[in-house]
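K.L.:
Attaching a predicted model along with its sequence, questions to come.
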Amino acid sequence: MTLHQPSVSSNRSQVLPVLEDVPNQTANDPKKALKYNRNLSWKIASNLAISFKYAWTGLTYAFATQRNFRIHTAIGILTIGLGLFLHLQPVEISVIGVTIGMVMAMELLNTAIESVVDLTVGQSYHELARIAKDCAAGAVLVSAMAAAIVAVALLFPPLWALIERAIVN
């Protein structure tokens, strides 16, 4: 199947680097500032605080609209809480935290990829769109399985010891 409209990103001239003169330099000076023509970008962050604001907006969007993101957030909070309750070593809690962060980042990338694919194909079906969405969801699944393995490996032994102590007493 073909797309009904070409995607915005298919126009290569709009994403190629454009050389512009640096102020106070001669035209023969080889030092040029490399700037990207970003006419199609919605808004460029003017400073670091605005960049963090955009990032926070993405997080709140994902939390508000993506069920799996909320599920991963809840499981992550519970897992860290269980690790603290079981008095895991700081490095073990850090490893769990990093794997949770990996899953959350993959979920955000999955949401971004799905949004861009939906923007590109609209209401039509395209096999490549399905493949892109399925692969992005697969990346989330792989990271979630890896996080589950890490969590079980680090949490199960002290949890089992706690359960055994409770049964014996």
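P.N.:
That came in fine, so what should we check first?
K.L.:
from here on, contacts and neighbour counts on C-alpha atoms
P.N.:
Will do.
K.L.:
next one: the top helix by length along the chain to chain centre, how far?
P.N.:
The longest helix of the chain (DSSP state H) is helix 127-168. Taking CA atoms, centre = their mean, to the nearest Å, the mean C-alpha location of helix 127-168 is offset from the chain mean by 17 Å.
K.L.:
which stretches of this structure form strands?
P.N.:
Taking DSSP state E as the test, the strands found in the chain are 17-20, 33-36.
K.L.:
Which of these comes out lowest on mean pLDDT?
P.N.:
In terms of average pLDDT, strand 17-20 trails the rest of the strands of the chain, at a mean of 44.
K.L.:
which residue packs closest to A137, ignoring adjacent ones?
P.N.:
N110 (6.1 Å; CA to CA, 6 or more residues apart in numbering).
K.L.:
So what's the residue count around T73?
P.N.:
17 (other CA atoms under 10 Å).
K.L.:
That one contacts M104, doesn't it?
P.N.:
Yes - T73 lies in contact with M104 (CA atoms under 8 Å); the separation is 7.5 Å.
K.L.:
got the CA coordinates for stretch 76-91 in PDB?
P.N.:
Included here for stretch 76-91 are C-alpha records, laid out as PDB according to Å, rounded to 0.1, in the frame of the first residue of the first chain:
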ATOM      1  CA  GLY A  76       8.600   0.600  39.600                       C
ATOM      2  CA  ILE A  77       7.500   2.500  42.800                       C
ATOM      3  CA  LEU A  78       6.400  -0.800  44.400                       C
ATOM      4  CA  THR A  79       9.700  -2.500  43.500                       C
ATOM      5  CA  ILE A  80      11.900   0.300  44.800                       C
ATOM      6  CA  GLY A  81       9.700   0.400  48.000                       C
ATOM      7  CA  LEU A  82      10.100  -3.400  48.400                       C
ATOM      8  CA  GLY A  83      13.900  -3.000  47.900                       C
ATOM      9  CA  LEU A  84      14.000  -0.400  50.700                       C
ATOM     10  CA  PHE A  85      11.800  -2.500  53.000                       C
ATOM     11  CA  LEU A  86      14.100  -5.500  52.500                       C
ATOM     12  CA  HIS A  87      17.100  -3.300  53.200                       C
ATOM     13  CA  LEU A  88      18.900  -4.000  49.900                       C
ATOM     14  CA  GLN A  89      22.300  -2.500  49.400                       C
ATOM     15  CA  PRO A  90      22.300   0.900  47.700                       C
ATOM     16  CA  VAL A  91      24.000  -0.600  44.600                       C
END
